[in-house]
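Engineer: Sequence and predicted structure, then a few things I'm wondering about:
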Amino acid sequence: PLLVRVDKVGEETVLSSILRLLDRAQAEKPRIGQLADRAAQWFILGLLIVSALVAAWWWFHEPSRAFWITVALLAVTCPCALGLATPAALTAATGRLTRVGLLVTRGHALETLARATHVVFDKTGTLTDGRLSLERVIPLRGVDAGQVLAWAAALERVSEHPVARAILACAGEGVSAQDVTAVPGRGLEGVIDGRRFRIGVVDFVMEISGKAAPELPDSVGTVVLLADEEGALAWLVLRDAPRPEAAEAIRRLRDLGLEVSLLSGDRPEEAERVARELGIPCARGGLLPQDKLSHLRALQEQGQVVVMVGDGVNDAPVLAGAQTSLAMGGGTQLAQASADMILLSENLGHIPAGVRVARRTMAIIRQNLGWALGYNLIAVPAAAAGFVPPWLAAIGMSLSSLIVVLNALRLRH
């Protein structure tokens, strides 16, 4: 027999969440769409005034034609093309990106992505696949490596970080910790059998004992330290491979004229090593969440339009602070809630593709608005002069809207 366990139904399913995000994105209009809507409102007001003046002029000069000329004027200048110019293009672009696994959750995301000048990446779980593996344990005070793993796992059980998953995969069940608190970007603290432990970055961990930090091991990879109130207990060395498509995605982003940076909470040596491997010219490591946000603000003060790509709880503040933010599909819920776009496919190659679609979307919106404006500049005088019969005005209005929609549908391919 086939046994199926249903964890979520109805509005709690992933599909329902995606549909809600799409509805929100389509309900929120970008700045260019808001300008088009305001222009349409003023256009309608102006059209009514012009129609009244035209009707009055024809009534006094040729009353028999006044009614039909006014009808033709109102029909031929229906602002449908102006109103459809932006939403038609955004809907087509959003649908295309969703099919490749890039979910747009905010209405302004495509417009801002098209203007982006700088892309900032997190490292672990973003440029790397996030599947850390524990390479080795280096005890420092004669403690058993198995006991180190048990203590580390007890602290990490409350965490969603890739480091926690790697340690738990090796440790299995063991002792439990109480009063565990997480400090974003730094580590965890908790009590095990009456002893207080910390695990995480060196400076944070050694604060518990007030002693000097031990010498860093000569190892490539992510390094975390475990300590108690008496001092350091062990180094844990973890390795994480870059995503296979990461280097090509970085190259394509740079070919599009975008600057690329790497900001990581990992030690600077490891951040710089990954950056060199992937062709990223600027990398900074050892950063806390507030440090990443400060670096982002500095870029924005220089006039940069920044896209932030991240996946973890530590990235939520900087994701919220960027003009456009993109969370990995396998990242934490907090990161995804803070982001304007979600990379459901987790394929970094879809980010440069998204930039190209965003730029093309803005170009098509401008084409649509230009067409709507040009059409009305020709149609209004012609109809007011009596050269356009009502039947032709209706056809012209319909064709103008159809052209806008067909132009937007080019984004689907």
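Structural biologist: Looks like it came in fine. Residues are numbered from 1 along each chain as shown.
Engineer: where do the helices sit along the stretch 201-350 of the chain?
Structural biologist: 202-206, 246-255, 268-278, 289-301, 316-321, 333-338, 350-384 (DSSP state H, counting those that start in this stretch).
Engineer: could you measure the residue nearest the centre of the chain against G210, distance?
Structural biologist: The residue lying closest to the centre of the chain (CA atoms, centre = their mean) is L326, at 2.0 Å. As judged by CB to CB, to the nearest Å, L326 and G210 stand 41 Å apart. In short, each C-beta sits where N, CA and C put it, glycine included.
Engineer: Could you do Q304 as well?
Structural biologist: In terms of CB to CB, Q304 sits 41 Å off from G210.
Engineer: more neighbours, those two?
Structural biologist: Using other CB atoms under 10 Å as the criterion, Q304 and G210 rank with Q304 on top: 17 against 8.
Engineer: Excluding sequence neighbours, find me the nearest residue to the more buried one.
Structural biologist: H118 (4.4 Å; CB to CB, 6 or more residues apart in numbering).
Engineer: Report the beta-bridge partners for that neighbour.
Structural biologist: E259, V306 (DSSP bridges).
Engineer: Quick one: low-confidence residue ranges for the chain.
Structural biologist: Where the chain drops to pLDDT under 70, the residues are 1, 12-37, 78, 312-313, 331-335.
Engineer: longest single strand anywhere in it?
Structural biologist: strand 231-239 (DSSP state E).
Engineer: what distance separates that one from the centre of its chain?
Structural biologist: 34 Å (CA atoms, centre = their mean, to the nearest Å).
Engineer: now stretch 107-122
Structural biologist: The answer for stretch 107-122 is 8 Å, by CA atoms, centre = their mean.
Engineer: quick one, strands of the stretch 51-200 of the chain?
Structural biologist: 102-104, 118-121, 133-139, 178-183, 187-192, 195-200 (DSSP state E, counting those that start in this stretch).
Engineer: Could you list the buried residues of the fourth one?
Structural biologist: Neighbour-count burial for strand 178-183 flags 180, 182 (criterion: 16 or more other CB atoms under 10 Å).
Engineer: just checking, what packs against that strand?
Structural biologist: If contacts are counted by 3 or more CB pairs under 8 Å, 6 or more residues apart in numbering; DSSP states H and E, strand 178-183 sits against strand 187-192.
Engineer: who's in contact with the strand it packs on?
Structural biologist: 151, 154-156, 158-159, 175-183, 196-201, 204-205, 208, 224 (CB atoms under 8 Å, 6 or more residues apart in numbering).
Engineer: And for stretch 237-244?
Structural biologist: 124, 127-138, 162-163, 166, 217, 219-224, 274, 277-278, 348.
Engineer: check which helix or strand covers the closest residue to A88 other than its chain neighbours.
Structural biologist: Computed as CB to CB, 6+ apart, the closest residue to A88 that is not its neighbour in sequence is A408, at 3.8 Å. Remark: A408 resides in helix 390-409, with elements defined by DSSP states H and E.
Engineer: Also compute the angle for that helix relative to helix 350-384, please.
Structural biologist: 170 degrees (axes from the mean of the first three to the mean of the last three CA atoms, to 10 degrees).
Engineer: hmm, who's touching helix 390-409?
Structural biologist: By CB under 8 Å, 6+ apart, helix 390-409 touches 68, 71-73, 75-78, 80-81, 84-85, 88-89, 91-92, 364, 367-368, 371-372, 375, 379, 383, 388.
Engineer: Settle this for me: G321 is touching S294, isn't it.
Structural biologist: No: using CB atoms under 8 Å, G321 is not in contact with S294, being 9.6 Å away.
Engineer: between those two, which one's more packed in?
Structural biologist: The neighbour count for G321 versus S294, taken as other CB under 10 Å, is higher for G321 (17 against 13).
Engineer: if we can go back for a sec, in PyMOL, how would I select just the buried ones from the contacts of stretch 237-244?
Structural biologist: Selection command for PyMOL covering only the buried members of the contacts of stretch 237-244, criterion 16+ other CB under 10 Å:
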select buried, resi 124+127+128+129+130+132+134+137+162+163+166+221+222+223+224+274+278+348
